[in-house]
Structure formats: C-alpha cells, structure tokens
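Q: sequence and predicted structure are below.
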Amino acid sequence: MPSKRVGVISISSMFLLYAGVRAVVAGLVLLQLHGFIDFPELQKAVQDIESFLTDNAAAALVPFSASGYLYYLGLMGILLFVGALGFLRERHAAPAFVAAFLILYVGLFVNFQLINPKIWHLIICAALFAVLMWLRRGERSSLSASSSSLKSAVAQDLAQTQ
C-alpha cells in the first residue's frame with residue numbers, strides 16, 4: 001500500500017470519528033430536547049445551547065432555535081462522514097461533501113459573528129482537508145501512471161502475440 005494511501009486512510013478515519021461524534025451527540029441532544037430521552041448530562045447540554053443561542057441572538061444574522069441548531073450540527077456531521085467515506089472509497093464527490101461541511105462550519109462563525117476556541121476545530125479540519133486533497137492528487141496521478149503502464153504492457157503483449 002503506497003504511503004499516500006496510508007495518509008488518506010488515516011485522515012479519513014479521523015474525519016469519520018470526528019463526524020460520528022458530532023452527529024451522534026447532536027442526535028442525542030435533540031432526543032433530549034424533544035423529551036424522548038432524559039439524562040441530566042444531556043439536559044445540561046440543552047441548557048448550554050439554549051443559553052448560547054439566547055445570548056447571541058442579537059448578533060445572529062439568522063436566528064436559530066435549539067432544535068434548528070442541533071439539526072444543523074447533525075447535518076455537518078453527516079456531510080463530513082459521507083465525505084470521509086468517499087475518500088476511503090475513492091469517490092469523486094468526496095471533496096464536495098467535506099467542503100460543504102467546512103462551508104457550514106464557517107457559516108456558524110459568520111452567522112453568530114463570534115470567534116471562539118472552536119475555530120481551532122475548523123482550522124485543523126481545513127488543514128487536514130488540504131492535506132487530503134494533496135495526498136489524493138498524488139495518489140490519483142500514481143494510480144493513473146500505474147494504469148497507463150499496465151495498459152502499455154497489455155498492448156505490447158497483444159502486439160507480440162499477433
């Protein structure tokens with residue numbers, strides 16, 4: 001396995017884990033918010049989100065309800081998860097899903113006109129995405145070179161047998 005492929009697998013796996021945590025936590029807090037489950041730790045998360053949204057409502061370009069905010073976070077997790085799977089499976093659409101995740105992430109900072117420590121999550125994700133794209137480009141060119149040399153070898157074998 002080429003070393004670039006190991007890098008793609010490593011970063012994609014990190015994205016899968018991060019995305020899974022985002023989506024699952026958003027889903028659990030949504031369940032708590034709507035009364036389907038009842039855990040004190042999750043109730044604290046609901047209160048923190050409601051407090052954050054209330055405190056930042058005046059600055060928000062688009063106000064969110066707690067439910068809308070959690071659906072938004074869940075969507076971000078799903079997009080990153082699908083994108084990471086796409087990178088693992090070498091799908092062309094993978095970068096679009098990760099880019100959509102990053103755009104939604106930036107959108108939160110723009111919407112609330114607020115910079116907080118979570119900006120580091122965004123910066124790290126963007127840097128890892130850039131590395132992933134670089135690795136993928138190199139991986140694709142080495143795969144296409146291997147494919148071209150294989151095609152040449154097959155063509156030469158066919159020419160020799162005729």
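A: Ah, there it is.

Q: buried stuff in stretch 58-70?
A: For stretch 58-70, burial by neighbour count (16 or more other C-beta atoms under 10 Å) applies to 64, 66, 69-70. All C-beta spots, glycine's among them, are computed from the backbone N, C-alpha and C.

Q: as TSV, those residues with secondary structure, pLDDT and distance to residue 107 would be great.
A: Converted to TSV, the buried residues of stretch 58-70 look like this (DSSP: H, G, I helix; E, B strand; the rest coil; pLDDT from 0 to 100; distance: C-beta to C-beta, whole Å):
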residue	secondary structure	pLDDT	distance to residue 107
64	coil	96	11
66	helix	98	18
69	helix	98	12
70	helix	98	15
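
Q: so which of those residues comes closest to residue 20?
A: residue 70 (15.8 Å; C-beta to C-beta).

Q: and that closest one, how far from residue 117?
A: 20 Å (C-beta to C-beta, to the nearest Å).

Q: could you do residue 42 as well?
A: 22 Å.

Q: check residue 91 too.
A: 33 Å.

Q: more neighbours: which of those two?
A: The neighbour count for residue 91 versus residue 117, taken as other C-beta atoms under 10 Å, is higher for residue 91 (14 against 6).

Q: what about the more buried one, which SS state?
A: Following DSSP: H, G, I helix; E, B strand; the rest coil, residue 91 is assigned to coil.

Q: likewise for residue 59?
A: Going by three-state DSSP: residue 59 is coil.

Q: leaving out the residues flanking it, which one is nearest to it?
A: residue 113 (4.8 Å; C-beta to C-beta, 6 or more residues apart in numbering).

Q: which residues touch that neighbour?
A: 59-61 (C-beta atoms under 8 Å, 6 or more residues apart in numbering).
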